[in-house]
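Colleague: Quick one, what's the 3D model for this:
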Amino acid sequence: MTFLKQFITFIVLFVFLFVVVYLGTCVVGGAISGGMAGAGNHDPQAAAEAGQQAGAAFVRDHIKAIVLGSFLASLVGSAALSFTGILPWCKRPAPMQPPPL
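Modeller: Numbering: from 1, shown residues only. Just a heads-up that it's a prediction; the model follows:
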């Protein structure tokens, strides 16, 4: 029964972590790329447009690396959280020992 709980936790955490890591990488990478592209412009409208294009280009150019990195990070993270017993419902039951005399 413990393995079933661990496996279900692994699947749910994998999906959740994949979405969080993927979106986080896209947001942070796009923001850094957009900020660097818009930093040189003195016109705020042109800077915002250049930043938006650079952010979209970052995700479009690096989509394979982002997906692969998100997949591996969520795979390792969900396996570590569910199979090591860190979460309380994933711990193996303690062996039954007779009470001390």
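
Colleague: Which pLDDT value belongs to Gly69?
Modeller: Per-residue pLDDT puts Gly69 at 97.

Colleague: And Ala56, by the same measure?
Modeller: At Ala56, pLDDT is 91.

Colleague: Does it touch Gly30 like I think?
Modeller: Yes: assessed by C-beta atoms under 8 Å, Ala56 is found in contact with Gly30 at 7.2 Å. C-beta coordinates here come from the backbone N, C-alpha and C atoms, glycine included.

Colleague: quick check: longest helix of the chain.
Modeller: Using DSSP state H, we find that the single longest helix of the chain is helix 2-38.

Colleague: So in the protein, where's the weakest helix or strand by average pLDDT?
Modeller: Using mean pLDDT, DSSP states H and E, the weakest-scoring helix or strand in the chain turns out to be helix 44-61, at a mean of 91.

Colleague: Would you mind listing the buried residues in stretch 63-80?
Modeller: Ile66, Ser70, Ala73, Ser74, Gly77, Ser78 (16 or more other C-beta atoms under 10 Å).
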